[in-house]
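Chemist: Provided below for reference: sequence and predicted model.
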Amino acid sequence: MSVDAKDPLREEPAPARRGARFPVVDPATGETFGEAPDLGPDELDAVVERARRAWPGWRADPAARSRALLDAAGAVEAAAGDLARLLTREQGKPLAESYAETARTAARLRYFAGLAPRTRRLDDGRPVRSEVRWRSLGPVAAIVPWNFPLQLAAAKFAPALAAGNTMVLKPSPYTPLATRLLGSVLAGVLPEGVLTVVTGREPLGARLAAHPGIRHVTFTGSVATGRAVAAQAAASLARVTLELGGNDAAVLLDDVDVEGVADRLFWAAFRNCGQVCMAVKRVYVPARLHTEVVEALAARAKAVPVGSGLDPDTRLGPVSNAAQLDRVADVTARALADGARAAAGGHRLDGPGYFFAPTVLTDVPPGSAVVTGEQFGPVLPVLPYGHLDEAIAAANGTGFGLGGSVWGTDPDRAEEVAGRLECGTAWINHHAELSLAQPFAGIKDSGVGVAGGPWGLYGNLRPFVVHRPEDA
Ligand code: NAD
């Protein structure tokens, strides 16, 4: 078992020096298989300066930008095989999911290539011609996590570049390689300095967020780091957009068809090994259906093929890194110590790599950390409820507010119940499906600002108003 192996990213980072590198580990084996540059402050300054110099040219011509972003989408598609394999090696997800992530990366570029802000004339009844135009912000920064390195990066750079900004993009040090490859693929079609990928261990992210040359910090990651990023960006009063953690509840109604929804519900919780911000992280079930739901989910957890993402039979890969495996194991052990029972899994898997058995927990005390916090792994608590009001109160009863879902055979009733969820997105009879055109915004600790769709584009722009009296 290699879980106790030293995690190089949790060791003290080496003092920044030119040419420094850090190791990248394959979570399916626990072995180092690559390395990436560990950027120091001078190198970061140079990158931000290049982004500043590239901005005037990039913002000047919206039509050329749109063409370049379409070319970028094509370049990503052409490199899909190499990107997907590297993503699976460093992140662990099954290869088919890496291909899907690459396709979603290209789709985001295409979508935002076709969006432009609208100039608006305002009329408040006075003899004034007021016009609202939209301007880019300047060089901006994106900091992203390791669960969907490519598509989360694209969710940031596609709207930012479409808006006319230039960007410095920092992936997680657990998953720097596919993003570096993406950066070099895009460098073939974008002007120099428009998008630069920087890699390194902390404090690189902190330096980037605090950099005086950066006008917007768009961050996806945990709540704790999001708070730190907001504080760092306050130094230069850069705008911040924070897409943070979630603890989404799925509420099953008493008319739910358990076998009919079990597959969808299972994958809504376990896809990408549960490492999805808007995965189902808690299931609330009417007490009389509790055993049936636990058995349906546990049967699937026991049957799902777990293994290396490169094996075509694998449906669930390893947990992405040793630190996350430790967190998942710890939160599960605490639930079991609190009196929970594992209807499936509940333990690490023997052998090399960071594997955890897909786990369904029952008899979990509602105050247990696996219910109140974000497990971010292949572990799902199933909780019985008496009255629907109790389930809604529990679903809304954490500090998170990313998403939620309601499941039943009467979709109108389910939708009515979903309207009571306090979160950014509520789904009926499914979970975590997103359209490129919709706004994505968590509430409470789950986020600040809006991404996605035209809202995501405007989030990367500032209004510029020309106010002209008619008699001027
Ligand atoms: P994390 O917060 O540890 O790291 C996110 C990024 O921030 C990484 O690039 C990391 O290197 C960087 N970072 C770390 N410390 C920093 C600091 N002090 N200053 C600036 N940057 C710093 O998150 P993670 O473990 O990589 O990702 C998992 C979390 O991301 C989960 O909480 C998950 O819910 C969340 N997430 C949210 C969304 C969303 O859209 N809401 C999407 C995916 C993941």
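Modeler: Sure thing, it's come through.
Chemist: quick one: contacts for the residue nearest to residue 218 when sequence neighbours are not counted?
Modeler: Distances taken as C-beta to C-beta, 6 or more residues apart in numbering place residue 241 nearest to residue 218, at 4.4 Å, with adjacent residues excluded. To be clear about C-beta, it is placed using only N, CA and C from the backbone, and glycine gets the same treatment. Residue 241 makes contact with 216-219, 447-451, 459 under the criterion C-beta atoms under 8 Å, 6 or more residues apart in numbering.
Chemist: Format those as a markdown table; extra columns: neighbour count, distance to the ligand and pLDDT.
Modeler: Listed next are the contacts of residue 241 as a markdown table, based on neighbours: other C-beta atoms under 10 Å; distance: C-beta to the nearest ligand atom, whole Å; pLDDT from 0 to 100:
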| residue | neighbour count | distance to the ligand | pLDDT |
| --- | --- | --- | --- |
| 216 | 26 | 14 | 98 |
| 217 | 25 | 9 | 98 |
| 218 | 28 | 11 | 98 |
| 219 | 30 | 7 | 98 |
| 447 | 26 | 6 | 97 |
| 448 | 17 | 11 | 97 |
| 449 | 18 | 11 | 97 |
| 450 | 18 | 11 | 97 |
| 451 | 24 | 7 | 97 |
| 459 | 21 | 13 | 98 |
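Chemist: Please list the residues of the stretch 51-200 of the chain that sit near the ligand.
Modeler: Within reach of the ligand by C-beta under 6 Å from any ligand atom, the stretch 51-200 of the chain has these residues: 143-147, 152, 170, 172-173.
Chemist: Would you reformat those residues as a markdown table and include secondary structure, neighbour count and pLDDT?
Modeler: As requested, these are exported to a markdown table (DSSP: H, G, I helix; E, B strand; the rest coil; neighbours: other C-beta atoms under 10 Å; pLDDT from 0 to 100):
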| residue | secondary structure | neighbour count | pLDDT |
| --- | --- | --- | --- |
| 143 | strand | 27 | 99 |
| 144 | coil | 27 | 98 |
| 145 | coil | 22 | 98 |
| 146 | coil | 22 | 98 |
| 147 | coil | 25 | 98 |
| 152 | helix | 26 | 98 |
| 170 | strand | 25 | 99 |
| 172 | coil | 23 | 98 |
| 173 | coil | 22 | 98 |
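Chemist: Which of those sits closest to residue 289?
Modeler: residue 147 (30.8 Å; C-beta to C-beta).
Chemist: Residue 117 looks like it's in a strand, true?
Modeler: No. Assignment of residue 117 by DSSP: H, G, I helix; E, B strand; the rest coil gives coil, placing it outside any strand.
Chemist: what's the burial count for residue 377?
Modeler: Around residue 377 sit 25 other residues, with neighbours defined as other C-beta atoms under 10 Å.
Chemist: Equivalent analysis for the one 3 residues further on, please.
Modeler: Using other C-beta under 10 Å, residue 380 has 32 neighbouring residues.
Chemist: and what of the one 3 residues further on?
Modeler: For residue 383, the number of neighbouring residues by other C-beta under 10 Å comes to 23.
Chemist: can I see the domain layout of this protein?
Modeler: 21-245+442-466, 248-401+403-428 (automatic domain parsing).
Chemist: Show me where the stretch 251-400 of the chain has its strands.
Modeler: 280-286, 341-344, 359-362, 379-385 (DSSP state E, counting those that start in this stretch).
Chemist: Can you give the distance from the helix or strand containing residue 25 to the centre of its chain?
Modeler: Per DSSP states H and E, residue 25 falls inside strand 21-26. Here strand 21-26 is found 21 Å from its chain centre; the criterion is C-alpha atoms, centre = their mean, to the nearest Å.
Chemist: returning to what we had before: can you redo the domains of the chain as JSON lines with distance to residue 436?
Modeler: JSON lines is the format used below for those (distance: least, C-beta to C-beta, whole Å):
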{"stretch": "domain 21-245+442-466", "distance to residue 436": "4"}
{"stretch": "domain 248-401+403-428", "distance to residue 436": "14"}
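Chemist: where does residue 5 land on pLDDT?
Modeler: In this prediction, residue 5 carries a pLDDT score of 47.
Chemist: quick one: residue 293 from the ligand, how far?
Modeler: To the ligand, residue 293 is 24 Å away according to C-beta to the nearest ligand atom, to the nearest Å.
Chemist: actually residue 197, not the one I wrote
Modeler: Relative to the ligand, residue 197 is positioned 12 Å away (C-beta to the nearest ligand atom).
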